[in-house]
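J.: with the input below, show me the fold.
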Amino acid sequence: MRYADGPTVTVSIDIEAPPAAVWALVSDISTPARFSSELRSAAWIEEGVSFRGRNAHPAAGEWETTSYVTVLLEESVFEYAVGDPANPSASWRWTLEPTGTGTRLTQWMRMGPAPSGLTPAIEAMPDKEERIIARRLDEHRFNMLATLTGIKELAENP
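T.: The predicted model follows:
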């Protein structure tokens, strides 16, 4: 596994609530900060177009990112690119699928192709690139699962 390959992680959860209720939480960009150990806040710069995220990590300190919405399909898909949409440092997507009694919510992310906060660690220890990426994907998976679980709780218990 190499950064240049665009490593990804995907997490899904079934929610006993209609897509409209789940969408209201997913499209509120401040929702993930309620559950993530890394994302501290998010606020629109231009609603539906771009937003600023504030993050913190024990190994990397604090930083801000600007993200740009690349897909916005009401009650279906919310996708954004971190940094330049043509060459992002990461891409994130939320997908909602109606089920018989509720909604399947999936969150997906891909690293790269542009450099990110992980790049200096990989450059300093190229022999440990796979381990660095695997650890970062595990951190993302943990936070994504916490966020989806939190959204499930909010949607099922309004």
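J.: contacts for the longest strand that the chain contains next, please.
T.: The longest strand of the chain (DSSP state E) is strand 61-73. For strand 61-73, contacts defined as Cβ atoms under 8 Å, 6 or more residues apart in numbering pick out 40, 45, 48-56, 77-83, 85, 89, 91-93, 117. All C-beta atoms are positioned from the backbone trio N, CA, C, and that covers glycine.
J.: can you rerun that using 7 Å?
T.: 45, 48-56, 77-83, 85, 117 (Cβ atoms under 7 Å, 6 or more residues apart in numbering).
J.: and these, which are buried?
T.: 51, 53, 55, 78-83, 117 (16 or more other Cβ atoms under 10 Å).
J.: may I have the longest strand of the chain exported as PDB, CA atoms only?
T.: Only the C-alpha atoms of strand 61-73 are listed here, as PDB (Å, rounded to 0.1, in the frame of the first residue of the first chain):
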ATOM      1  CA  GLY A  61      -0.800  19.500  16.000                       C
ATOM      2  CA  GLU A  62      -3.600  21.700  14.700                       C
ATOM      3  CA  TRP A  63      -4.400  22.800  11.200                       C
ATOM      4  CA  GLU A  64      -7.100  24.100   8.900                       C
ATOM      5  CA  THR A  65      -8.300  22.900   5.500                       C
ATOM      6  CA  THR A  66     -10.500  24.300   2.800                       C
ATOM      7  CA  SER A  67     -12.700  21.800   1.100                       C
ATOM      8  CA  TYR A  68     -14.800  22.100  -2.100                       C
ATOM      9  CA  VAL A  69     -18.000  20.300  -2.800                       C
ATOM     10  CA  THR A  70     -17.700  18.200  -5.900                       C
ATOM     11  CA  VAL A  71     -21.000  16.300  -5.800                       C
ATOM     12  CA  LEU A  72     -24.200  17.400  -4.100                       C
ATOM     13  CA  LEU A  73     -27.300  15.300  -4.900                       C
END
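J.: what mean pLDDT does that strand have?
T.: Mean per-residue pLDDT for strand 61-73: 96.
J.: strands along the protein, start to end?
T.: 8-15, 39-46, 50-57, 61-73, 77-82, 90-98, 103-111.
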